[in-house]
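**Student:** Quick one, structure for this:
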Amino acid sequence: MNDKIYKKLFSSLPEVDCGRVLLRPYRESDAKDFNEYMREDRAAEYLMWYPHLNLHETKGYVEFMLRNYRKCLPSDWAVVLKENGKVIGNCGFTSVEMKHECAELGYVLSPSYWGRGLMDEAMKGVMAVCFEQLEAHRAILRIVDENIHSKALAERLGFRLEGRMFNSFFMKGGYRTICVYAMLEQEYAERIASCAK
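**Tutor:** The predicted structure follows:
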C-alpha cells in the first residue's frame with residue numbers, strides 16, 4: 001500500500017460487479033433509497049448512528065459521503081440490486097492506516113433484504129478491492145457483540161475473531177463490548193486459491 005495507490009482508489013472508487021449486486025459510488029439521487037432503510041430501527045440498532053428522522057437528514061448523509069469522495073478519504077459504496085437498480089445498503093472502508101497497511105471495513109444492509117446472502121457477495125467485492133487494489137496487509141471489522149448476524153457474516157467471509165474489548169465503546173447511552181475480527185492478505189490469498197480449486 002502506498003500513497004499513490006491510496007489516492008487513486010479513493011479519488012474514484014471503481015464499480016465492482018459482485019453477482020446479484022453492484023458496488024458503485026453514491027449519487028445524490030440515491031437519498032430516497034438510502035432513507036428507506038436508514039430510518040429503520042433494525043438497520044441502526046448496532047451502529048453508531050440513530051435512525052434517520054426524515055429524507056433531509058439522509059440527503060445530508062449522502063452529501064457528506066460525496067465530500068469524502070472529493071477529499072480522497074476512505075469511503076463506502078452504494079450496494080445496488082442489479083435486477084432493479086435499487087440501493088439496498090452500503091459497505092466499504094471505515095478507515096485506513098497507511099503506516100500499518102490496515103483497513104477497517106464496514107457494512108449495513110436494508111432489513112428487507114436480510115437472509116439472502118447479498119451482503120456476502122458485496123463484501124467479497126470490498127475484500128477484493130482491499131487486498132488486490134489497495135494492497136492492504138490486514139483488514140479488520142469491529143462488531144458489537146450482540147450483533148450475531150453481523151458476526152456470522154464475518155465468519156462466513158473468513159475473518160478470525162481476535163478478541164473482545166469488554167465495555168470499551170460508549171454508544172447510544174451505554175457501553176458496548178466490541179468484537180474485533182481480522183484477516184491478513186496471506187489468509188485472503190489462500191482463501192481465494194482454495195475457492196478456485
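
**Student:** what about stretch 150-170, average pLDDT?
**Tutor:** On average, the pLDDT along stretch 150-170 is 97.

**Student:** For it, list every residue counted as buried.
**Tutor:** By 16 or more other CB atoms under 10 Å, the buried positions in stretch 150-170 come out as 150-151, 153-154, 157-159. Bear in mind the C-beta positions are built from the backbone N, C-alpha and C, glycine included.

**Student:** who touches it?
**Tutor:** Stretch 150-170 is contacted by residues 46, 107, 119-120, 123-124, 127, 139, 141, 143-145, 175-183, 187-188, 191 when judged by CB atoms under 8 Å, 6 or more residues apart in numbering.

**Student:** And the buried residues of stretch 150-170, which two are furthest apart?
**Tutor:** Ser150 and Gly158 (14.7 Å; CB to CB).

**Student:** Could I get the full set of strands for the protein?
**Tutor:** Counting by DSSP state E, the chain has strands at residues 16-17, 21-24, 76-81, 86-97, 102-109, 138-144, 160-171, 174-184.

**Student:** Quick one: the buried residues of stretch 150-170 as a markdown table, columns for distance to Ser29 too.
**Tutor:** Putting those into a markdown table (distance: CB to CB, whole Å) gives the following:
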| residue | distance to Ser29 |
| --- | --- |
| Ser150 | 28 |
| Lys151 | 33 |
| Leu153 | 28 |
| Ala154 | 31 |
| Leu157 | 30 |
| Gly158 | 35 |
| Phe159 | 33 |
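
**Student:** follow-up on the earlier one: in PyMOL, how would I select just the buried ones from the contacts of stretch 150-170?
**Tutor:** Of the contacts of stretch 150-170, the buried ones can be selected in PyMOL as follows, counting by 16+ other CB under 10 Å:
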select buried, resi 46+107+119+123+124+127+139+141+143+144+176+178+179+180+181+182+183+187+188+191
